[in-house]
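[1] missing the sequence, but the structure's below:
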């Protein structure tokens, strides 16, 4: 992993400390404002929220974290949402 790629991955655990262990959601979007809004929506639900700013970064997160659900933008540079979700389906078929 090169330095530029490593710094592009943003991981945030937003579940409140008292929340029970539950699903981890990975949100993928190339727009930081959208990721911030999604984090706010999920924050009060108790989900653990991970974010990535693109498909390649999402694959790195998936390789190192247990994720139960992926929510992805469809229009992103480098790897669009359809390409990302196809990779996820092939590599991690248990993820919805």
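    Sure thing, it's come through. Fair warning: this is a prediction, and the values are worked out from it, not measured in the lab.
[2] Helix, strand, or coil at residue 25?
    Under the three-state scheme (DSSP: H, G, I helix; E, B strand; the rest coil), residue 25 adopts strand.
[3] where along this structure do the strands fall?
    Ranges of strands in the chain, per DSSP state E, are 9-10, 24-28, 48-52, 69-72.
[4] which one of those strands is the most hemmed in?
    When the strands of the chain are scored by mean count of other C-beta atoms under 10 Å, the highest mean neighbour count falls to strand 48-52 (a mean of 24). Every C-beta, even on glycine, is put in place using the N, C-alpha and C of the backbone.
[5] packing partners for it?
    strand 9-10, strand 24-28, helix 32-43, helix 55-64 (3 or more C-beta pairs under 8 Å, 6 or more residues apart in numbering; DSSP states H and E).
[6] how far does the last one sit from the chain's center?
    Using C-alpha atoms, centre = their mean, to the nearest Å, the distance from the centre of helix 55-64 to the centre of the chain it belongs to is 8 Å.
[7] quick one: average confidence on that helix?
    Taken as a whole, helix 55-64 has an average pLDDT of 98.
[8] Could you do the longest one as well?
    In this model, helix 32-43 carries a mean pLDDT of 91.
[9] Identify the residues contacting the residue lying closest to residue 96 once chain neighbours are set aside.
    Leaving aside its chain neighbours, residue 96 sits nearest to residue 69 (5.4 Å; criterion: C-beta to C-beta, 6 or more residues apart in numbering). Residues in contact with residue 69 (C-beta atoms under 8 Å, 6 or more residues apart in numbering) are 23-26, 95-96.
[10] Please name the bridge partners of residue 48.
    residue 24 (DSSP bridges).
[11] I'd like to know how far it sits from residue 73.
    According to C-beta to C-beta, to the nearest Å, residue 48 stands 20 Å off from residue 73.
[12] Next: residue 32.
    Distance of residue 32 to residue 73, given as C-beta to C-beta: 12 Å.
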